[in-house]
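S.K.: Sequence and computational prediction follow.
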Amino acid sequence: MTGSKPTVSVIIPTYNCEAYIAETLNSVLGQTFQDLELIVVDDGSTDRTREIVGSYSAPVRLISQLNSGVCAARNFGIREANGRYICLMDHDDYWFPDKLALQVEEMNRQPETGLVYSTFIWWFPSAEGVFPHPNSFESASCPAGIDDEFSGWIYHLLLLDCWVLTSSALIRAEVFDKCGAFDESLPYSEDWDLWLRISQEYPFTKLKKPLTLYRQHPQQGNRIARSIDYRTELISKAAAKWGLCSRDGRCITKRQFRQNIARYHMEFGLNNLASGNLKVANRSFLKSWLKSPVKLKSLAYIPAALLGWRPKW
């Protein structure tokens with residue numbers, strides 16, 4: 001890119017997203033804050049995605065790689081970015097027009113903050129598979145300001161859940177120099193892993209107003225049954241390395257952490273049971289009960305599963 005550097009680099013990794021990519025790009029180009037570059041990293045698409053992205057002019061820039069996964073695509077985009085701040089947007093999500101303006105304003109107001117994120121809205125299709133128009137959501141009527149509970153040093157809260165939606169975050173570029181980028185060996189929870197590392201070095205700020213629509217469809221990674229429970233592995237390793245407290249002294253208790261691990265084991269088991277992976281499911285139910293023996297429900301799932309019960313969702 002020639003000339004002065006943009007304030008914000010928006011990086012969108014994409015793969016076979018011809019159905020949604022234009023709506024996503026248009027939501028970025030429709031921002032009230034315009035000092036940006038938009039880098040789309042195509043991860044070896046075989047549909048019309050590249051053709052659609054290629055029809056856009058500046059500030060959209062298309063770069064391509066052989067199919068290597070979303071982490072590699074995001075890291076490629078980060079290396080190419082020129083902005084002072086970086087956004088990592090998923091290829092099927094949507095931003096409300098004031099998203100960047102509000103977040104850049106907050107970053108400028110709090111120079112110690114490494115990451116500004118916001119509430120988001122779950123975006124579900126109708127029974128016919130049609131997504132409601134973004135204008136049908138009343139984001140303007142939502143409360144403004146900062147969510148103090150989920151701002152500041154929030155490492156301890158990230159041991160309970162991945163509160164930061166990737167598409168909702170604005171990150172200082174120097175954060176990646178200090179904390180590293182995405183771990184390309186992780187097939188799942190790679191964003192959570194990055195937030196945990198950043199939370200060791202920087203405070204976060206959460207805006208109450210929802211600024212992103214989070215599109216839901218069957219192809220999403222969180223709906224796939226896996227043989228490895230990456231969530232419990234990730235937070236267990238984090239707790240072993242960094243403990244249960246944030247830098248400001250706020251902590252979760254050992255009991256809270258055990259119960260949370262138990263909950264994730266149970267959810268992992270139910271997901272695998274719904275997909276017919278009986279052995280993986282029952283092993284997870286047993287792990288859940290061992291972490292929290294008072295919760296007999298997880299243990300009760302084992303005979304129910306052996307008798308043929310399956311969750312319906």
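M.R.: Received, thanks. Numbers count the residues shown, from 1 in each chain.

S.K.: surely P13 meets E80?
M.R.: No. Using C-beta atoms under 8 Å as the test, P13 is too far from E80 to be in contact (11.8 Å). Every residue, glycine included, has its C-beta placed from N, CA and C.

S.K.: Between those two, which has more neighbouring residues?
M.R.: P13 (27 against 15; other C-beta atoms under 10 Å).

S.K.: so is that one in a helix, a strand, or just coil?
M.R.: With DSSP: H, G, I helix; E, B strand; the rest coil as the basis, P13 sits in strand.

S.K.: beta partners for it?
M.R.: V41 (DSSP bridges).

S.K.: any idea how far it lies from M89?
M.R.: 9 Å (C-beta to C-beta, to the nearest Å).

S.K.: which other helices and strands contact the longest strand belonging to the chain?
M.R.: For the chain, the strand with the greatest residue count under DSSP state E is strand 204-215. On a contact count with 3 or more C-beta pairs under 8 Å, 6 or more residues apart in numbering; DSSP states H and E, strand 204-215 meets strand 94-95, helix 99-109, strand 115-123.

S.K.: Is F268 in contact with S284, as I believe?
M.R.: Yes. Using C-beta under 8 Å, F268 is in contact with S284, at 4.8 Å.

S.K.: Find residues that contact each of the two.
M.R.: D229 (C-beta atoms under 8 Å, 6 or more residues apart in numbering).

S.K.: Could you check how far K5 is from N82?
M.R.: 5 Å.

S.K.: What of I198?
M.R.: 21 Å.

S.K.: hmm, back to that, deepest of the helices and strands packed on strand 204-215, which one?
M.R.: strand 94-95 (a mean of 25; mean count of other C-beta atoms under 10 Å).

S.K.: Outside of it itself, list whatever touches it.
M.R.: Counting by C-beta under 8 Å, 6+ apart, 23-24, 27-28, 31, 89, 123, 134, 167, 211-213, 215 sit against strand 94-95.

S.K.: quick one: which of K5 and N82 has more around it?
M.R.: Taking other C-beta under 10 Å, K5 and N82 do not tie; N82 has more neighbours (16 against 13).

S.K.: mind checking the SS state of that one?
M.R.: N82 ends up coil, using three-state DSSP.

S.K.: pretty sure it is touching I11, no?
M.R.: No. Using C-beta under 8 Å, N82 is not in contact with I11; the gap is 11.2 Å.

S.K.: Strands along this structure, start to end?
M.R.: Counting by DSSP E, the strands of the chain are 8-14, 36-42, 60-64, 85-88, 94-95, 115-123, 170-172, 204-215.

S.K.: The nearest residue to Y15 once chain neighbours are set aside: neighbouring residues, count only.
M.R.: Counting by C-beta to C-beta, 6 or more residues apart in numbering, Y15 lies nearest to D43, which is 4.3 Å off, once chain neighbours are set aside. Here the count is done by other C-beta under 10 Å, and D43 has 22 residues near it.

S.K.: try S57
M.R.: 7.

S.K.: Same question for D35.
M.R.: Neighbour tally, D35, other C-beta under 10 Å: 15.

S.K.: Confirm for me that it is in contact with P6.
M.R.: Yes. If you go by C-beta under 8 Å, D35 and P6 touch, sitting 5.4 Å apart.

S.K.: So, low pLDDT: which residues of the protein?
M.R.: 1-3, 139-140, 218-225, 313 (pLDDT under 70).

S.K.: repeat that with 80
M.R.: 1-3, 138-142, 218-227, 294-296, 299, 312-313 (pLDDT under 80).

S.K.: domains for this protein, by residue range?
M.R.: 8-223, 253-306 (automatic domain parsing).

S.K.: Spit out the contact partners of E18.
M.R.: E18 sits next to S45, D47, R48, T49, I52 when contact means C-beta under 8 Å, 6+ apart.

S.K.: who's in contact with the third one?
M.R.: Each residue near R48 by C-beta under 8 Å, 6+ apart is listed here: E18.

S.K.: Repeat that for the second one.
M.R.: If you count contacts by C-beta under 8 Å, 6+ apart, D47 has them with N16, C17, E18.

S.K.: burial count for the nearest residue to W289 once chain neighbours are set aside?
M.R.: Distance criterion C-beta to C-beta, 6+ apart; nearest residue to W289, sequence neighbours excluded, is L299 at 4.2 Å. Per other C-beta under 10 Å, the neighbour tally for L299 reads 15.
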